[in-house]
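1. How does the following fold in three dimensions:
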Amino acid sequence: MSWSRWPTPTRRGAAFLVAAVLAVVCAFAWSVPVLVQVAGVLVGILALALIAVAFGRPAWSAERDVDPRVADPGEPIGVHVRLRREGHSALDVVEWWEDASGGGHSGVLLDEGRGRAPGARYEVRLSQRGRHRIGPTSVRVSDPFGLASRWVELPGESSVVVLPRRVPLSSDSPLMQVLGGRDHLVEHRASARGLGEPDVLARPYRFGDPVKLLHWKATAHRGSLMVRQEEQQTRRRVVLVVDTRGGDERDLDWRVDAAASVLERLHRDDADVQVVVDEATVDVAPDVAPQEALIALALAAPSASIARWGDLGADRLVFAGRIDVETARHWLGQPDRAPAAVFVHASSDADAVEMLRREGWACVRYRDRDDVAQLWIEAEVRS
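-> Residues are numbered from 1 along each chain as shown. Prediction:
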């Protein structure tokens, strides 16, 4: 919605102006000079109203509650906005407008007394991933006589993060075999490193681990906090890399949605997952909800820098756009030279794709119109 921030006459103010013009016409037509004075008074009152509205400030503030702050695409987001009087002002608020992503919501304000104003509740449904703005609130103020009005923006706005679209993925996919190519010993035997206590395992400290489980010998040996683990556990560890270079917004959205879907599939399989996108690196343990990683994916934006590689020694799935030979050489030159799986756009350089395949990489071609779930199942037969 667009409107002028400058004061404009209301219908009543316009009627004053028309009456002033008619008074001047009648004064000359009927030779009644007093009507000119009447016209001057009407114009003067209107001018004073315009000046008062132009330089006056409403003594109101806006408070807003948004729930939820993080939503799935299409999920109803409840917004409760309240307008509150904070002092005395010659201006009356007669209408409000709440700016929301993809549209707005408006209403007529009826003051219920000093310090109180009606609240308004409405819902928005947002389908595009990312951070969306809710607010600010604008109010239309008028002089006490209702001759002039203008819109004033009240400070303060809220934001909502819409997560990427996720689709359920089957565990029966060739890519699941590729990503399970090397299971990883998350905990390491203390005895294997000369730490004593042959039946005790040590793993890196995680936030929330009890202090009594700290393994001091392993900590001294590794140079970082280690905790005792009673039994050896082998878990799949996968790094999901989203390359945000090149392509358009639609292409990047496809990559982000695919990465989010794979993240949830791996999380259901109790895998340790690391998500690398833009400048964010988020580790997702099997017992931790992946929301932080989903938020990082939701906020992914196109960039010119090549994607970071994440932790070494893990299975890796890369979501790339259109790649060339230079990109393929960069990937093959990483310290961790183990073959990875990669989604590449169908328009990628054929030589680059062939270079990766010769090194044992699983390359899956996609188009941004492809169904992620179907491509996930048919990955092995795509060329």
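
2. what about Glu123, distance to Glu157?
-> Spatial separation of Glu123 from Glu157 under the definition CB to CB, to the nearest Å is 18 Å. Quick note: C-beta positions are derived from backbone N, CA and C, even for glycine.

3. So which of the two has more stuff around it?
-> A count of neighbours by other CB atoms under 10 Å puts Glu157 above the other of Glu123 and Glu157, at 15 against 11.

4. which non-adjacent residue is nearest the more buried one?
-> Excluding its sequence neighbours, the residue lying closest to Glu157 (CB to CB, 6 or more residues apart in numbering) is Gly135, at 3.4 Å.

5. name the element that neighbour belongs to?
-> In this structure, Gly135 sits in strand 130-142 according to DSSP states H and E.

6. So which other helices or strands are in contact with the following helix or strand past that strand?
-> Later in the chain than strand 130-142, the nearest helix or strand by DSSP H and E is strand 148-153. In this structure, strand 148-153 makes packing contacts with strand 8-9, helix 34-55, strand 130-142, judged by 3 or more CB pairs under 8 Å, 6 or more residues apart in numbering; DSSP states H and E.

7. mind giving me the domain ranges of this structure?
-> According to automatic domain parsing, the chain comprises the domains 8-55, 60-162, 174-184+235-381, 187-232.

8. Can you tell me which of the helices and strands packed on strand 148-153 is most buried?
-> Each of the helices and strands packed on strand 148-153 was scored by mean neighbour count; the highest is strand 130-142, a mean of 19, by mean count of other CB atoms under 10 Å.

9. Just the helices from this structure, written as ranges.
-> Using DSSP state H, the helices of the chain run over 11-30, 34-55, 174-179, 216-222, 249-268, 291-298, 325-332, 350-358, 372-377.

10. pLDDT (mean, whole number) over the second one?
-> Per-residue confidence for helix 34-55 averages out to 95 on the pLDDT scale.

11. How many neighbouring residues does Asp283 have?
-> Asp283 has 16 neighbours, counted by other CB under 10 Å.

12. again with Leu252
-> The tally of other residues near Leu252 (other CB under 10 Å) stands at 23.

13. Was I right to think it contacts Gly321?
-> Yes: assessed by CB atoms under 8 Å, Leu252 is found in contact with Gly321 at 7.3 Å.

14. Next up, the contacts around Ala71.
-> Residues touching Ala71, when contacts are defined by CB atoms under 8 Å, 6 or more residues apart in numbering, comprise Ile77, Leu126, Val160, Val161, Val162, Leu163.

15. Tell me who's in contact with Val342.
-> Remark: with contacts taken as CB under 8 Å, 6+ apart, Val342 is in contact with Leu317, Val318, Phe319, Ala320, Trp331, Leu356, Trp361, Ala362, Cys363, Val364.

16. what about 7 Å?
-> Contacts of Val342 were listed using CB atoms under 7 Å, 6 or more residues apart in numbering, and they are Val318, Ala320, Leu356, Trp361, Cys363.

17. Okay, and the beta partners of the first one?
-> When you say that, I think you mean Val318. Per DSSP bridges, residues listed as beta-bridge partners of Val318: Val241, Val342.

18. How confident was the prediction at it?
-> Val318 carries a pLDDT score of 94 in this model.

19. Burial check on it, number of neighbours?
-> Using other CB under 10 Å as the criterion, Val318 is surrounded by 25 other residues.

20. what about the chain, any weak spots by pLDDT?
-> Judged against pLDDT under 70, the low-scoring parts of the chain cover residues 1-4, 101-118, 180-201, 205-209, 229-235, 247, 337-338, 380-383.

21. Would you point out the most distant pair within the contacts of Val342?
-> Across the contacts of Val342, the two members that end up farthest from each other (CB to CB) are Ala320 and Trp361, 11.1 Å apart.

22. Would you reformat the helices of the chain as TSV and include distance to Asp65?
-> Output for the helices of the chain, formatted as TSV (distance: least, CB to CB, whole Å):
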stretch	distance to Asp65
helix 11-30	35
helix 34-55	30
helix 174-179	42
helix 216-222	46
helix 249-268	27
helix 291-298	20
helix 325-332	46
helix 350-358	50
helix 372-377	35
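
23. quick one on the thing from earlier: quick one: closest of the helices and strands packed on strand 148-153 to Ala20.
-> When the helices and strands packed on strand 148-153 are compared for distance to Ala20 using CB to CB, the nearest one is helix 34-55, at 4.1 Å.

24. from the chain's centre, how far out does the closest one sit?
-> Between the centre of helix 34-55 and the centre of its chain there are 50 Å (CA atoms, centre = their mean, to the nearest Å).

25. now for it, which elements pack on it?
-> helix 11-30, strand 148-153 (3 or more CB pairs under 7 Å, 6 or more residues apart in numbering; DSSP states H and E).

26. Please identify the most buried of these.
-> Of these, strand 148-153 is the most buried (mean count of other CB under 10 Å), at a mean of 20.

27. Outside of it itself, list whatever touches it.
-> 3, 5-10, 13, 49-50, 53-54, 58, 94, 136, 138-142.

28. Roughly how far does the residue lying closest to Arg12 once chain neighbours are set aside sit from Ala49?
-> Among residues not flanking Arg12 along the chain, Gly146 sits closest, at 5.1 Å (CB to CB, 6+ apart). For Gly146, the distance to Ala49 under the criterion CB to CB works out to 8 Å.

29. same deal with Arg165?
-> As it turns out, when the distance is counted by CB to CB, Arg165 lies 52 Å from Ala49.

30. likewise Val167?
-> Relative to Ala49, and taking CB to CB, Val167 is found at 58 Å.
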